[in-house]
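>>> From the sequence below, what's the structure:
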Amino acid sequence: MAITGRRWGVVGHRRSLFRDTYAALLGQSTQLPSPDWRNARPGESAEAVALRVAGELETYLAARHAQTAALIVEPLVQAAGAMAMYHARFLHEARALCDRYGVHLIADEIAVGFGRTGSFLACEQAGIRADFLCLSKGITGGYLPLSVTMTSNDIYRAFYDDEMARGFLHSHSYTGNALACRAALAVLDIFAEDDVIAANRVKSAQMSVRCQKIAQHPRVRQFRNTGMIWAFDVETEDASFPRKFYSAALERELLLRPLGNTVYFMPPYVIEEDQMDMLAGGTCAILDAME
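A predicted model of the protein is given here:
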């Protein structure tokens, strides 16, 4: 797909750390407002935020669709954006707008796919399909590295040709690695045989009960949960907070890596109730010990 002279629209993250480091190497893009419900105006619901931001997306596409190659979104949870969570209505509206203006929709489900948000794919909760779907991480259960980019038949056929120059030739030495692909197939079998999605819903409810004390802690702001992801912001002026919190967690045999002042949980699906107690209790103890 040629993108020369065209612009990528990216639904905005609150953090630019990961992007700015490679700014000189990246193609031109426009960062659009995030539907993060933390941006709600007084009296505005999460769905209302989603609709308002979708309106801003429509304004942008109406003016710039001819110069826009694709809209890139991380569905339901913008992980690198300090676990920004938003209403599925935004995805539904974004899909309709991309269809109306002839813009491809790219869904980055690397972190949020494979049951992490409560459904197998996050896009399912909006009842949509992306034109490109990016998958990794949970696809092999973390046992072997594997990434997959899926696309529609129409886009696939655009590159299918006897002439090599027309093909999509990007690849690397371990493309289609048989062992990694076999691990992915095993993971898919486990999802079906163990009904992982249903089991996760039970565990999500169990963990949420244990997180109530965290949500009510005087230092905690904007506690949030989507599926098997929990996050909260900690009120602190200490610039070294991420390092200190990480170290304090290790002392309690917990592996927690804050994103700025945002602490998040993305536990493995095999977590048991005693481990939930350890995670929630240890986190409360760290918060209580903060100066």
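>>> Tell me if I'm right that residue 253 and residue 278 touch.
Yes - in this structure, residue 253 is within contact of residue 278 by C-beta atoms under 8 Å, at 7.5 Å. The C-beta positions use only the backbone N, C-alpha and C, and glycine is treated the same way.
>>> Please identify which of those two sits among more neighbours.
residue 278 (16 against 9; other C-beta atoms under 10 Å).
>>> the helices in this structure, which residues?
For the chain, the helices defined by DSSP state H cover 17-20, 46-64, 89-101, 153-159, 178-193, 196-210, 212-215, 241-251, 273-289.
>>> could I get those helices as a markdown table with mean pLDDT and distance to residue 235?
Below are the helices of the chain laid out as a markdown table (pLDDT from 0 to 100; distance: least, C-beta to C-beta, whole Å):
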| stretch | mean pLDDT | distance to residue 235 |
| --- | --- | --- |
| helix 17-20 | 71 | 21 |
| helix 46-64 | 97 | 22 |
| helix 89-101 | 98 | 27 |
| helix 153-159 | 90 | 46 |
| helix 178-193 | 96 | 39 |
| helix 196-210 | 98 | 22 |
| helix 212-215 | 98 | 13 |
| helix 241-251 | 97 | 10 |
| helix 273-289 | 98 | 10 |
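>>> Of all those helices, which one is nearest residue 170?
Closest to residue 170 of these, according to C-beta to C-beta: helix 153-159, at 10.6 Å.
>>> Alpha carbons of the closest one, as PDB, please.
This file holds the C-alpha atoms of helix 153-159, laid out as PDB (Å, rounded to 0.1, in the frame of the first residue of the first chain):
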ATOM      1  CA  ASN A 153      -9.500 -10.000   0.900                       C
ATOM      2  CA  ASP A 154      -9.700  -6.900  -1.200                       C
ATOM      3  CA  ILE A 155      -6.400  -5.500   0.200                       C
ATOM      4  CA  TYR A 156      -4.700  -8.900  -0.100                       C
ATOM      5  CA  ARG A 157      -5.700  -9.200  -3.800                       C
ATOM      6  CA  ALA A 158      -4.200  -5.800  -4.500                       C
ATOM      7  CA  PHE A 159      -0.800  -7.300  -3.800                       C
END
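>>> So what touches it?
1, 104, 131-132, 166-168 (C-beta atoms under 8 Å, 6 or more residues apart in numbering).
>>> How far does that helix sit from its chain's centre?
Distance of helix 153-159 from the chain centroid (C-alpha atoms, centre = their mean, to the nearest Å) equals 26 Å.
>>> again, but for stretch 136-143
Mean-position distance between stretch 136-143 and its chain equals 15 Å (C-alpha atoms, centre = their mean).
>>> what's the span of that stretch, first residue to last?
11 Å (C-alpha to C-alpha, to the nearest Å).
>>> buried ones in it?
136-141 (16 or more other C-beta atoms under 10 Å).
>>> Over to stretch 157-168?
Taking 16+ other C-beta under 10 Å as the criterion, stretch 157-168 shows none as buried.
>>> Also stretch 232-245?
So stretch 232-245, judged by 16+ other C-beta under 10 Å, has buried residues 232-234, 236, 241-242, 245.
>>> contacts for it?
The contact list for stretch 232-245, computed with C-beta under 8 Å, 6+ apart, reads 82, 214-215, 219-224, 256-264, 286-287, 290.
>>> out of the helices of the chain, deepest packed?
helix 89-101 (a mean of 20; mean count of other C-beta atoms under 10 Å).
>>> and stretch 261-279, how far out from the chain's middle?
For stretch 261-279, the distance to the chain centre is 18 Å (C-alpha atoms, centre = their mean).
>>> what about dumping the CA coordinates of it to PDB?
Extracted C-alpha coordinates of stretch 261-279, given in PDB (Å, rounded to 0.1, in the frame of the first residue of the first chain):
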ATOM      1  CA  ASN A 261       2.000   8.000  37.700                       C
ATOM      2  CA  THR A 262      -0.200   5.300  36.300                       C
ATOM      3  CA  VAL A 263      -0.100   1.900  37.900                       C
ATOM      4  CA  TYR A 264      -1.700  -1.000  36.000                       C
ATOM      5  CA  PHE A 265      -2.400  -4.700  36.400                       C
ATOM      6  CA  MET A 266      -2.400  -7.100  33.400                       C
ATOM      7  CA  PRO A 267      -2.100 -10.400  35.200                       C
ATOM      8  CA  PRO A 268      -1.800 -13.700  33.400                       C
ATOM      9  CA  TYR A 269      -5.000 -15.600  32.900                       C
ATOM     10  CA  VAL A 270      -3.900 -18.400  35.200                       C
ATOM     11  CA  ILE A 271      -3.900 -16.100  38.200                       C
ATOM     12  CA  GLU A 272      -5.500 -17.700  41.300                       C
ATOM     13  CA  GLU A 273      -7.400 -16.000  44.100                       C
ATOM     14  CA  ASP A 274      -4.600 -16.100  46.600                       C
ATOM     15  CA  GLN A 275      -2.400 -14.400  44.000                       C
ATOM     16  CA  MET A 276      -5.100 -11.800  43.500                       C
ATOM     17  CA  ASP A 277      -5.000 -11.100  47.300                       C
ATOM     18  CA  MET A 278      -1.300 -10.800  47.100                       C
ATOM     19  CA  LEU A 279      -1.400  -8.300  44.200                       C
END
